[in-house]
Every structure is written in structure tokens, then in C-alpha cells.
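[1] My questions are about this predicted structure, shown below with the sequence.
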Amino acid sequence: MMASVVRALLILLCMRNIPQAAGVQVLPPVNFTLTVSALAQVLLHWKPNPEQEHRNCTIRYDVKILSPEPEEYDTGKTHSVRSVALHNGFSARVRTLLLHSDLQLGSEWVKGELPPLPGAPETSVTNLSCVTQITIAGTVSLHCSWLPGQGAPEDTKYFLFYRYGTYTEECHSYVKDKWNRNTKCSFAGTHIDPEQVDSLVAVHINGSSKHAAIKPFQQLFQQNAIEKVNVPRNISVSLEQNNLLATWEKPISPFPAECFEYEFYFINLKSGNKQTLRMSSNSFRLRIDGTSRYSIQIRANHHVHCGRGFWSNWSESVCVGQNKLESSISWILTVLCVSMSCTFLLTTLICKINHIWSKLFPPIPTPSNKFRDPFPTDYERARTCTSDTETECGSFAEDLYCSVLDDSVF
């Protein structure tokens with residue numbers, strides 16, 4: 001912004017200081033055109049004004065992009081190629097710059113426009129995000145996801161294309177939502193060069209529906225800004241007395257080792273304490289509690305000066321050390337329980353075989369009745385009646401019942 005202001009002031013100053021006797025006239029360029037040359041790419045082209053006089057002056061052109069993102073630059077050519085999202089249209093203007101000695105003079109502006117891409121409002125995809133990752137084979141994979149537009153009918157079919165340089169490719173591997181609309185796309189391998197980290201990746205998503213015209217959507221991604229870094233390799237963790245030693249290798253990447261930083265996450269499994277350390281080297285030493293067991297994980301990312309991307313996934317957990325006190329107690333309790341169980345079972349078996357229980361605890365004998373009752377009760381007499389004397393016993397019972405009634409007082 002400041003550069004534009006300074007340039008404008010210099011041009012005004014030049015216009016005031018160019019001698020009128022020189023008769024210098026600056027004319028705008030002609031035949032200014034805007035042409036879509038590829039996905040999310042526009043060609044700006046113009047020609048010099050044939051009536052422009054040179055008179056030992058240098059001619060350059062001042063180009064200003066108005067939308068979708070403001071940008072200003074100058075060039076000595078009569079054409080310019082810009083990568084830019086075109087779904088909401090594009091507009092730019094150009095003028096002639098005449099450099100005379102140490103001064104410069106500008107012509108009037110010539111403007112050009114491209115209309116927005118056609119389609120119904122709110123049918124374009126939203127929340128488009130993309131991630132690249134370098135594979136073991138050295139190629140670059142691409143994964144994109146998005147949400148359907150709020151105004152998109154349920155029968156909408158979305159289709160994704162990416163452009164890298166002059167190469168354009170359509171996606172053939174989609175993930176669908178519950179209405180069978182494509183919402184994710186994956187390329188296992190692409191033409192993206194992993195070493196050209198400053199390049200742009202252009203993504204274009206259009207669509208079709210029987211009920212509405214689906215408006216396309218475009219977005220540009222800086223290659224290094226969407227790279228998901230790979231997990232560090234060959235992680236080695238060991239203990240040296242009360243010191244934890246860890247080493248690893250940088251992830252698969254064309255970047256040198258100096259371009260990476262790491263996060264080291266470890267948990268004391270005995271106390272439950274957690275800690276995260278960030279470092280630039282690929283090794284470190286940490287003093288720890290030698291009686292505890294630890295779980296360690298590492299992940300990586302680029303330094304800011306190398307083009308920051310997305311943090312890698314955490315590595316698989318590596319455990320070192322042991323909870324010595326708890327392990328000893330657990331071992332002692334286990335041995336004690338097993339010994340007691342075996343002793344109990346063995347004792348029970350021996351006792352059963354040798355009838356020890358019957359010898360230790362003999363049954364209590366019932367005392368015999370050596371004295372007979374000289375006067376047995378009527379009840380005993382009745383109880384000892386046999387079947388042959390049943391009638392007699394019944395008669396005796398009736399006599400006894402009557403005798404009791406006779407003795408009763410009312």
C-alpha cells in the first residue's frame with residue numbers, strides 16, 4: 001500500500017517536472033483483453049499505442065489487479081499471466097509508463113473485466129480445504145474436502161479438478177454424503193513437484209443438478225502451506241541411569257534437516273504427569289525418575305522460514321522404564337495368592353483321602369435309655385399298639401376321652 005502511494009507521488013512529481021517544451025505525450029495501450037487460459041488462470045494482453053512517441057524514453061506498463069484480490073506491478077512486456085480464483089469474476093487495468101531521464105509519466109488507465117462464473121447463488125461448495133503429503137515413493141498425494149452449498153439441491157453432483165503448472169487432472173476417487181453427493185476427493189499420486197514448494201495448486205469444483213445451475217468454485221493453495229509433514233523415522237529411545245535418551249531421523253521430504261522442528265510428548269505412566277517439549281534438533285537427553293515407566297511420541301513440522309505446513313501425525317508410542325516398586329509388590333502378591341491356593345487344595349485332597357475329618361471330628365454318640373419307665377403313659381401305650389390291637393386301642397382312647405370330660409368343671 002505504501003509503495004503504491006509513493007509511486008503515485010513520484011508520477012505526479014514527474015508530471016510536474018517534465019519540461020513542457022519537450023512536448024512528451026503519454027498514450028494508453030490499446031486492445032487490452034482478458035482471457036481465461038486455464039483453471040483459475042487469466043491472460044492479460046495489450047498492445048502499445050501506435051501513436052506513442054519514444055524520443056529517447058523507455059516504455060513500461062503499470063498493471064493493477066482490482067478483483068478478486070488487489071495487486072499492482074509493472075512490466076516491460078505486453079502480456080501477463082496471473083493465477084487467481086475466477087468464480088466471482090476478475091477485473092484489471094493497465095496504463096503506459098514513460099520513463100524520461102530520471103522521471104516517469106503515466107497515461108490514462110485502460111480497464112478490462114471478466115464476469116463471474118454462471119450458476120445459482122449458494123450452490124457452490126463451501127469450506128474447501130486441501131492437504132498434500134509426500135509418499136514413500138517420492139510422489140505427492142492430494143486430499144480435499146468440502147461442504148455442499150446451502151442452496152444446492154440434494155441431487156447435486158460435484159466434480160473436482162486440480163491444476164499444477166500446465167497440467168490439469170480430474171478426480172476419480174470420491175467420498176459421498178448421505179445424499180450421495182461428493183464431499184471428499186483423493187489423489188494417491190499427482191504431478192505436483194515436491195521440491196517446488198513455492199508453487200501454487202489451483203483447485204476447481206463444478207457441479208450439475210436437474211433442479212439448478214451449480215456455480216463453480218475455485219481456490220488457490222500455496223504448496224508448502226498445505227503439506228502435511230510425514231512422521232519422523234527410525235525413532236530410538238533408551239535409558240541411561242536416570243537419563244532418557246531419544247534420537248530420530250527427519251521425515252521423508254526434500255527439505256534439509258535444518259528445516260524441521262519437532263514436538264516430543266511423554267507421559268509418566270506411574271504418576272500420570274504429561275509434558276510436551278518443542279525442539280529443533282533430532283536428539284535430546286532428559287533427566288527422569290528412574291523408578292517410573294514412560295510413554296513417548298514425536299511429531300514434526302517445517303520451520304516458519306522453510307514454509308510452514310501441517311503437523312505430522314504422532315508417531316506410535318514407545319515405552320521405556322518400569323514401575324519398580326509397583327512391579328515388586330504385584331509380583332509378591334501374585335506369588336502369595338498362588339501359594340495359598342495350592343496349599344489349600346493340597347490339604348483338602350490329603351484330608352479327603354485319609355478320612356482325616358472323620359477322625360478329627362467323630363460323631364457324638366446318643367446315650368442309651370437303661371431305665372424303663374414303670375408307668376408308661378397312655379400316649380406311649382397307644383403309640384405302641386399294633387394293627388392287631390387297633391380296635392382295642394381305639395376303645396381305650398374313647399374311655400380316656402370320656403374320663404377327661406367327666407372330670408372337667410363348667
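    Great, that's in hand. Numbers count the residues shown, from 1 in each chain.
[2] Measure how buried residue 279 is and give me the count.
    Neighbours of residue 279 under the rule other C-beta atoms under 10 Å: 12. For the C-beta atoms, the positions are set from N, CA and C on the backbone; glycine is no exception.
[3] ok, now which ones touch it?
    261-262, 264 (C-beta atoms under 8 Å, 6 or more residues apart in numbering).
[4] burial measure for residue 64, as a count.
    Neighbour tally, residue 64, other C-beta under 10 Å: 17.
[5] where does it land on pLDDT?
    Among the per-residue scores, residue 64 shows a pLDDT of 96.
[6] For the stretch 251-400 of the chain, which segments count as strands?
    Ranges of strands within the stretch 251-400 of the chain are 260-268, 274-279, 283-287, 293-302, 318-321, based on DSSP state E, counting those that start in this stretch.
[7] Let me see the domain layout of the chain.
    Annotated domains of the chain cover 24-114, 126-226, 233-325 [automatic domain parsing].
[8] Out of the strands of the stretch 251-400 of the chain, which is closest to residue 63?
    When the strands of the stretch 251-400 of the chain are compared by C-beta to C-beta, strand 293-302 sits nearest residue 63, at 32.5 Å.
[9] Adjacent strands (with direction) for that closest one?
    strand 260-268 (antiparallel), strand 318-321 (antiparallel) (DSSP bridges).
[10] ok now do the residue nearest the centre of the chain, which residues does it touch?
    Closest residue to the average C-alpha location of the chain: residue 313 at 8.1 Å, with C-alpha atoms, centre = their mean. Neighbouring residues of residue 313 by C-beta under 8 Å, 6+ apart: 231, 299.
[11] where does this structure dip in pLDDT?
    Residues of the chain meeting the criterion pLDDT under 70: 1-24, 54-55, 323-333, 335, 351-352, 354-410.
[12] quick one, helices of it?
    With helices called from DSSP state H, the chain shows them at 2-17, 324-354, 356-360, 378-383, 390-407.
[13] And residue 222, how far from residue 274?
    Residue 222 sits 34 Å away from residue 274, going by C-beta to C-beta, to the nearest Å.
[14] who's more crowded, these two?
    Neighbour count, other C-beta under 10 Å: between residue 222 and residue 274, residue 222 has more, with 14 against 10.
[15] follow-up on the earlier one: possible to save the domains of the chain as TSV with distance to residue 336?
    Output for those, formatted as TSV (distance: least, C-beta to C-beta, whole Å):
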stretch	distance to residue 336
domain 24-114	73
domain 126-226	52
domain 233-325	17
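[16] of these, which approaches residue 347 most closely?
    Distance to residue 347, taken as C-beta to C-beta, is lowest for domain 233-325 among the domains of the chain, at 33.3 Å.
[17] ok now that closest one, how far from the chain's centre?
    Centre-to-centre, domain 233-325 and its host chain are 20 Å apart (C-alpha atoms, centre = their mean, to the nearest Å).
[18] hmm, back to that, can the strands of the stretch 251-400 of the chain go into TSV with extra columns for distance to residue 44?
    Below are those laid out as TSV (distance: least, C-beta to C-beta, whole Å):
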stretch	distance to residue 44
strand 260-268	39
strand 274-279	45
strand 283-287	52
strand 293-302	33
strand 318-321	56
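[19] closest one to residue 146 among those strands?
    For those, the distance to residue 146 is smallest for strand 293-302, at 24.5 Å, taking C-beta to C-beta.
[20] Extract the C-alpha set from the closest one and format it as PDB.
    Extracted C-alpha coordinates of strand 293-302, given in PDB (Å, rounded to 0.1, in the frame of the first residue of the first chain):
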ATOM      1  CA  ARG A 293       7.700 -46.100  33.200                       C
ATOM      2  CA  TYR A 294       7.300 -43.600  30.300                       C
ATOM      3  CA  SER A 295       5.400 -43.500  27.000                       C
ATOM      4  CA  ILE A 296       7.000 -41.300  24.300                       C
ATOM      5  CA  GLN A 297       5.600 -39.900  20.900                       C
ATOM      6  CA  ILE A 298       7.200 -37.500  18.400                       C
ATOM      7  CA  ARG A 299       5.800 -35.400  15.500                       C
ATOM      8  CA  ALA A 300       7.300 -32.900  13.000                       C
ATOM      9  CA  ASN A 301       6.600 -29.800  11.100                       C
ATOM     10  CA  HIS A 302       8.600 -27.300   8.900                       C
END
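[21] quick one: residue 33 and residue 42 touch, right?
    No: using C-beta atoms under 8 Å, residue 33 is not in contact with residue 42; the gap is 10.2 Å.
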